Structure formats: structure tokens, C-alpha cells
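[1] The following comprises the amino acid sequence and a computationally predicted model.
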Amino acid sequence: MCRSSASVMLLPDIKPKQTGEIEMTESAHWEEYRGSVVIPSQTEQRGLTVLLNIADNAVTVKFDEPVAGAAEWKGANVRIVERLKYHEIQFATTDLPVDTVELAWRMNAAKAEPSIAGVVVVRPNEIRISGEKGFILNRVEG
């Protein structure tokens, strides 16, 4: 027997943009982490913001100054695993710091502390750029 109810289930306020991207609205839970990183094969420290949405397996990396022509990079092949005390986050960016180079990002987001510890590693490539750099980011409260 099925009864009709006056209550209505509301869906989250996530609207697709024409580009196919998901718009970040207040109902989507994005955590912001801030710090700095040295990109492998480079020497200068760069301001870095990582936007993390654990529920949707989504990561966006934003640099204070453009790198390889862009300041914002969407994480590809995002994998987030929940561990007892932290979330293990892995994703890749392509064409950063130069065309055809892929960076593998691995981060641990502590549950008890507002921080991320991570490493960015250059994947093997034809132009022989290599290296890895560690970094620490702190959650931006707000």
C-alpha cells in the first residue's frame, strides 16, 4: 500500500554549467586548504589553494600566479579513500608544469587536525622532467 505524503524531498542546489562543469554552490561541501609548494623541476615557492570535495571525489588546485598558462587545474582520476584518522587523496594533473607532463598528487587530510600533508611527483615522461616535492596545507576556516 502506497500513501501519498505532503513532504517534498529537496535535491541539492548543484546546477551544471554549459561547459559541463558542476557549479560550486553553498550546498556543495568544498573544503579549502592553503599553503605553498615548489613544483618539481622548478625552484620557486608558489602560493597554492586546494579545494576538496570528499563527497563528490573532486579536487581543484589553484595557484596564486598562473603556471603553464593557467592558475586553476582540475584533478583527474581522483581517488579518495577514508581511513581511520585521515582521508587519502590521489589525483593527477596534466600539462603542468609543461605540456605532456603529468603530476601525481598524493595527500593525507587529517580528520582531527585542519591540515593536509602531501607530495607531488612527476610521472615518467619523454622530456625527462623528474622529481618530487612535499608540502603542507592548512584548512581555511570561513
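    Everything's here; your move.

[2] I'd say residue 114 and residue 138 touch.
    Yes. Here residue 114 reaches residue 138: they are 6.1 Å apart, a contact under Cβ atoms under 8 Å. The C-beta positions use only the backbone N, C-alpha and C, and glycine is treated the same way.

[3] residue nearest the centroid of the protein?
    Compute the mean C-alpha point of the chain, and by Cα atoms, centre = their mean the closest residue is residue 59, 2.5 Å away.

[4] separation between the nearest residue to that residue once chain neighbours are set aside and residue 90?
    Nearest residue to residue 59, sequence neighbours excluded (Cβ to Cβ, 6 or more residues apart in numbering): residue 75, at 3.5 Å. Remark: distance between residue 75 and residue 90 (Cβ to Cβ, to the nearest Å) = 9 Å.

[5] Neighbour count for those two, which is higher?
    Neighbours were counted for residue 75 and for residue 90 using other Cβ atoms under 10 Å; residue 75 has more, 20 against 16.

[6] contacting residues around that one?
    Neighbouring residues of residue 75 by Cβ atoms under 8 Å, 6 or more residues apart in numbering: 58-61, 91-93, 105.

[7] ok, now how distant is the residue nearest to residue 59 from residue 127?
    In terms of Cβ to Cβ, residue 75 sits 22 Å off from residue 127.

[8] show me the contacts for the closest residue in space to residue 36 that isn't next to it in sequence.
    Take residue 36 and drop its neighbours on the chain: the residue closest to it by Cβ to Cβ, 6+ apart is residue 45, 4.9 Å away. Counting by Cβ under 8 Å, 6+ apart, residue 45 makes contact with 36-38.

[9] got it, and residue 119?
    Contacts of residue 119 by Cβ under 8 Å, 6+ apart are 105-107, 132-135.

[10] Mark which of these are buried, thanks.
    Using 16 or more other Cβ atoms under 10 Å as the burial test, those include 105-107, 133, 135 as buried.

[11] any chance you could map the strands in this structure?
    Assigned strands in the chain, in chain order: 31-38, 45-53, 58-67, 70-74, 76-82, 86-94, 102-110, 115-122, 132-139 (criterion: DSSP state E).

[12] Nothing else from me, thank you.
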